[in-house]
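Colleague: Fold the following, please.
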Amino acid sequence: MSVKKILALRQATDVLHFVLTTGKCNLRCSYCGGSFPQHAVPFEVKYDLAHLKRFIEADPDPILAFYGGEPLINANAIARIMDMVKARFVIQTNGTLVDALDPKYWRRMDAVLISIDGTEKTTDGYRGSGVYCRVMRSAAWLMGHGFKGDLIARMAVSEKTDIYEDVMHLAGSETFDHVHWQLDVGWSDAWTDFDGWVEGSYKPGIRRLVARFREGLAEGRVLGIVPIIGILKRLREGGSCPPCGAGTDSFAIMPDGTIRACPISYDAEWAVAGDIKQSTIGTLSKKEILGDCLECGYLRGCGGRCLYMNRERLWGMEGFRKICSITKYTIDEVSTLIEAVEEAERHKLVDPDLLDYPPFNNSTEVVP
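Modeller: So this is what the prediction gives:
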């Protein structure tokens, strides 16, 4: 992403509002399984959009991130909301239905996160045959119809992933400005050898990504690898806990009007923060990172990683510690770049603005 594009996105920010337009998805990815349960996350918006307008207009600098399911299944709701409110607009989409929304709305998006997991083999292995090609065609369609914002590859990472090869396939392309990934850990039961994958594939891949990022700095380039840039920013400047802001300055407005700490906490009683019909931003019930994370020496870089995992711990304490271990490993590796970053800035090899990412809470995973 160019410095000009970064600066165009930067300004003071307030709350990130995930707006789930539907709980339905048109894919059945192996690590997800498809749609939310309809009884818990309705497949259409059930509340009056006038309530959403009232709620959003009370925020002086709102960010709206359309989410699902697959949000474009209900593209009409997206268009109506964008016509009603002024905000920075973001969308997380699987990239198969982009033509369901008029190009004039895409041109108003500040960031588009498209789900793609790396190479064609990896992506289709998780998401289904032909999905990779459909997503790449959609990315070209967006740019061809005038989208000028931040185009972000949104990876899900599991046992079929070669983190170095799959990240660099996307980060090294001319299609995407940035790449981030979410680890399929903490709730998945699909793993056959998690420990073996971590030691034999993931950790070596992280080392290689950090080395490649260092080479880029020496060449005067900042590779758009969000976890590396984002963790560097946290280590140097600090940041929110958790990094995504869930429960503090990021909330999810569900299709039934319930406001929750984050989209994935759809069935957790502790996560309910309010209701779109009655609540205001000031009355939302805040949810914070708890427990041992607050005493951890890695808190500055990690931020507790994930509010949902901090509260739920579905893999038990042993599994939670395994996830912590790979997070700490990643932070340690990224921390070795600080001197190289400072040297590159001192010698004006790179523009510091390219390292100040994200410029606003655009819903990317800073800590995988």
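Colleague: ok, residue 109 to residue 269 distance?
Modeller: Distance of residue 109 to residue 269, computed by C-beta to C-beta, to the nearest Å: 34 Å. For glycine as for every other residue, the C-beta is placed from the backbone atoms N, C-alpha and C.
Colleague: Check residue 237 too.
Modeller: 35 Å.
Colleague: Between those two, which has more neighbouring residues?
Modeller: Using other C-beta atoms under 10 Å as the criterion, residue 237 and residue 269 rank with residue 237 on top: 9 against 6.
Colleague: those helices in the stretch 251-368 of the chain, which residues are they?
Modeller: Here the stretch 251-368 of the chain has its helices, by DSSP state H, counting those that start in this stretch, at 299-302, 307-312, 316-335, 338-346.
Colleague: which helices and strands sit right next to the third one?
Modeller: So the one you mean is helix 316-335. helix 203-218, helix 226-237, helix 299-302 (3 or more C-beta pairs under 8 Å, 6 or more residues apart in numbering; DSSP states H and E).
Colleague: try 6 Å
Modeller: The contact analysis (3 or more C-beta pairs under 6 Å, 6 or more residues apart in numbering; DSSP states H and E) places helix 316-335 against helix 203-218, helix 226-237.
Colleague: Can you lay out the ones you listed as TSV showing distance to residue 253?
Modeller: As requested, the helices and strands packed on helix 316-335 are arranged in TSV below (distance: least, C-beta to C-beta, whole Å):
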stretch	distance to residue 253
helix 203-218	35
helix 226-237	24
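Colleague: Throw these into CSV and include mean pLDDT and distance to residue 346, thanks.
Modeller: Shown next, in CSV, are the helices and strands packed on helix 316-335 (pLDDT from 0 to 100; distance: least, C-beta to C-beta, whole Å):
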stretch, mean pLDDT, distance to residue 346
helix 203-218, 98, 12
helix 226-237, 97, 14
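Colleague: what's the closest of those to residue 151?
Modeller: helix 226-237 (12.5 Å; C-beta to C-beta).
Colleague: Report the buried residues of that closest one.
Modeller: Buried residues in helix 226-237, counting neighbours by 16 or more other C-beta atoms under 10 Å, are found at 226-236.
Colleague: next one: it to chain centre, how far?
Modeller: Offset of helix 226-237 from its chain centre (C-alpha atoms, centre = their mean, to the nearest Å): 15 Å.
Colleague: tilt between it and helix 316-335?
Modeller: Angle of helix 226-237 versus helix 316-335, following axes from the mean of the first three to the mean of the last three C-alpha atoms, to 10 degrees, is 80 degrees.
Colleague: and helix 226-237, what other elements does it pack with?
Modeller: Partner elements for helix 226-237 (3+ C-beta pairs under 6 Å, 6+ apart): helix 299-302, helix 316-335.
Colleague: ok, back up a step: of all the helices and strands packed on helix 316-335, which one is nearest residue 77?
Modeller: So among the helices and strands packed on helix 316-335, helix 226-237 is nearest, using C-beta to C-beta, at 27.8 Å.
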